[in-house]
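1. Got a predicted structure here, sequence first:
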Amino acid sequence: MIQFLLNQRLHRESQLDPNTTVLSWLRRTQQRCGTKEGCASGDCGACTVVLAEPAGDRLRYRTVNACITLVSALDGKQLITVEDLKQRDQLHPVQQAMVDCHASQCGFCTPGFVMSLFALQKQGGQGSTEQALAGNLCRCTGYRPIVAAADQLAAQETADDQFDQTEAQTLARLKALAAEASVSGTSSSQPPAGVRQLTHDGRRCLMPGSLDALAAAYLAEPQARLVAGGTDLALAITQRSQRFPLLISLNQVPELRAVEQQPHQLAIGAAAPLTDCLPLLRERIPAFADLLTRFASQQIRNQGTLGGNLANGSPIGDAAPVLLALNAALELRRGSETRTLPLDDFFLGYRQTALQPGEFITRILIPGVTVSQKEAASMPLNVTTSLYVYKVSKRLEDDISAVCAAFNLDIQHGVVHRARLAYGGMAATPARAHHTEQALVGQPWQLATVELACRALAEDFTPISDFRAGSAYRLQVAQNLLRRAYFEHAAPQQIIKVTDYV
């Protein structure tokens, strides 16, 4: 059973197909048609809704794409749609700003923009308009007045609304639901102890409440599909009309959502949303954080996870090249057994990984400096000074890479002492460029060395041609990115990234 609030109305659902998306549930069973279906793939933002959940003594509001969010993700949260924003017979300030600035064109995309601006307003100025709206597509080219509406909202001194007025009450109700779920999930009856479930017509979604319960459930049902953010898995439902007989949701396993600096490494829970990873990465590995801000859109980053990005084995997953360059490892668990596997050994072939049946990723481990526990919280990672990360795609955000490259270089006294170079989009899996690394290590860091290394890239990769890019183009781009890293290192004061001046 899942429990959640639709605005202020409590819903308890036990007989509901776990393959149902939030968009489908809203439109078909609740007749809430303000949330639109545009692409059914999480690209256009017409279906944007907001989920609120406890974060300490406040509520945290985040946008998600309802078209690719499965109903199990609602458990323990408050779901807010555009219909909920009206204040008695008046528009919400966000809606009023859209009217004042003439920011609604055909109107189809408007509810999604309104919800993104609503979530931005609830962040109290911590987010940017560009990031908040990057996942919303206006086909009427109405961005200028929409941005004007956002600016008008930012200029308002107060944003007090009915959600602020009822926040304490909503927070208490959501915490009570969480406490009730933890008690009900410890029953010794079916399903297994520590696991709740959602079921309908033979299809089930298991919802373990702890790491031990997850390990036991997945070992017993290794044919199940794990779902965290679901931003990739849900496409099989919405685009290919698949229905999964058994899902296991990771959303209620707190151990998988932890992001922390440890004395010797960064440890990122496999089911931690990318948005939760950003603060620590921005402080410790800013080049990685910069890449993640280009990872899909805000709505996707609020749900998508590093664990999911790696486990699906995609050759174009943006996180893998960076983590390969950083010499990351994965903590894996199967039943009661835990092992640590270097990411170098994880990808076996196209969408094939080293995961055994019933085994899952618990944490991504990024090695850093060796310091005491007390010092770890304030010291940056040394690797960030020589990490260069580049993503080449047709759009700045909300797009898939043609080529993604990460270069982790240790250059001392003008000589390359260590080099870890990794690429995505160049082979059947994300991969290291070993011949290129050998051409660099022990050599002076100069343009002639880089040119020799660029020629070695042809020994490392024979990229394919597809609708994103041709083989020759990919190889040329891969070489040019290495040249770019050289020039960026040689003249760090020179601005060469378009995002630094546009």
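-> Happy to help now that I have it. It should be emphasised that the depicted structure is a prediction, and the values quoted were computed from it without experimental measurement. Numbers count the residues shown, from 1 in each chain.
2. Could I get the phi/psi values of residue 50?
-> Note on residue 50: backbone dihedrals following degrees, to the nearest 10 are phi -120, psi 130.
3. what's it in contact with, if anything?
-> Applying Cβ atoms under 8 Å, 6 or more residues apart in numbering, we find residue 50 in contact with 61, 62, 63, 64, 79, 80, 81, 115, 118, 119, 122. Placement of C-beta: from N, CA and C, glycine included.
4. Find the nearest non-adjacent residue to it, please.
-> residue 80 (4.3 Å; Cβ to Cβ, 6 or more residues apart in numbering).
5. That neighbour: what's it in contact with?
-> With Cβ under 8 Å, 6+ apart, residue 80 has these contacts: 7, 49, 50, 51, 52, 61, 115, 118, 163.
6. For the second one, pull up the helix or strand it's in.
-> When elements are defined using DSSP states H and E, residue 49 is found to belong to strand 48-55.
7. Can you point out the buried residues in the longest helix belonging to the chain?
-> Assignment by DSSP state H gives helix 471-490 as the longest helix of the chain. Of the residues in helix 471-490, 474, 475, 477, 478, 479, 481, 482, 484, 485, 486, 489 count as buried by neighbour count, 16 or more other Cβ atoms under 10 Å.
8. Could you list every helix and strand that it packs against?
-> Under the contact definition 3 or more Cβ pairs under 8 Å, 6 or more residues apart in numbering; DSSP states H and E, helix 471-490 sits against strand 387-392, strand 403-412, helix 447-460.
9. In a markdown table, list those along with distance to residue 203 and mean neighbour count.
-> Compiled in a markdown table, the helices and strands packed on helix 471-490 are given as follows (distance: least, Cβ to Cβ, whole Å; neighbours: other Cβ atoms under 10 Å):
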| stretch | distance to residue 203 | mean neighbour count |
| --- | --- | --- |
| strand 387-392 | 37 | 22 |
| strand 403-412 | 36 | 23 |
| helix 447-460 | 44 | 17 |
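10. unless I'm mixing things up, residue 232 is touching residue 308, no?
-> Yes: checked against Cβ atoms under 8 Å, the pair residue 232 and residue 308 is within contact range at 6.4 Å.
11. In terms of neighbours, single out the busier of these two.
-> residue 308 (24 against 19; other Cβ atoms under 10 Å).
12. Let's verify that one: helix, strand, or coil?
-> helix (DSSP: H, G, I helix; E, B strand; the rest coil).
13. how near is it to residue 193?
-> Going from residue 308 to residue 193 by Cβ to Cβ, to the nearest Å gives 26 Å.
14. tell me which element residue 237 falls in.
-> Assigned by DSSP H and E, residue 237 falls in helix 233-238.
15. The residue lying farthest from the centre of the chain and residue 417, how far apart?
-> Of all residues in the chain, residue 448 has its C-alpha farthest from the mean position, at 38.7 Å, by Cα atoms, centre = their mean. Remark: distance between residue 448 and residue 417 (Cβ to Cβ) = 18 Å.
16. Kindly report the same for residue 58.
-> 47 Å.
17. same question, residue 459
-> Taken as Cβ to Cβ, the span from residue 459 to residue 417 is 22 Å.
18. same question, residue 311
-> On the measure of Cβ to Cβ, residue 311 and residue 417 end up 33 Å apart.
19. Looking only at neighbour counts, state which of the two leads.
-> A count of neighbours by other Cβ under 10 Å puts residue 311 above the other of residue 311 and residue 417, at 20 against 13.
20. I figured residue 479 was touching residue 457, is that so?
-> Yes: Residue 479 is in contact with residue 457 according to Cβ under 8 Å; the separation is 5.6 Å.
21. okay if I get the helices and strands packed on helix 471-490 as TSV plus distance to residue 320 and mean pLDDT?
-> Converted to TSV, these look like this (distance: least, Cβ to Cβ, whole Å; pLDDT from 0 to 100):
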stretch	distance to residue 320	mean pLDDT
strand 387-392	12	95
strand 403-412	8	96
helix 447-460	16	98
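22. TSV for those, including distance to residue 106?
-> Listed next are the helices and strands packed on helix 471-490 as TSV, based on distance: least, Cβ to Cβ, whole Å:
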stretch	distance to residue 106
strand 387-392	32
strand 403-412	35
helix 447-460	47
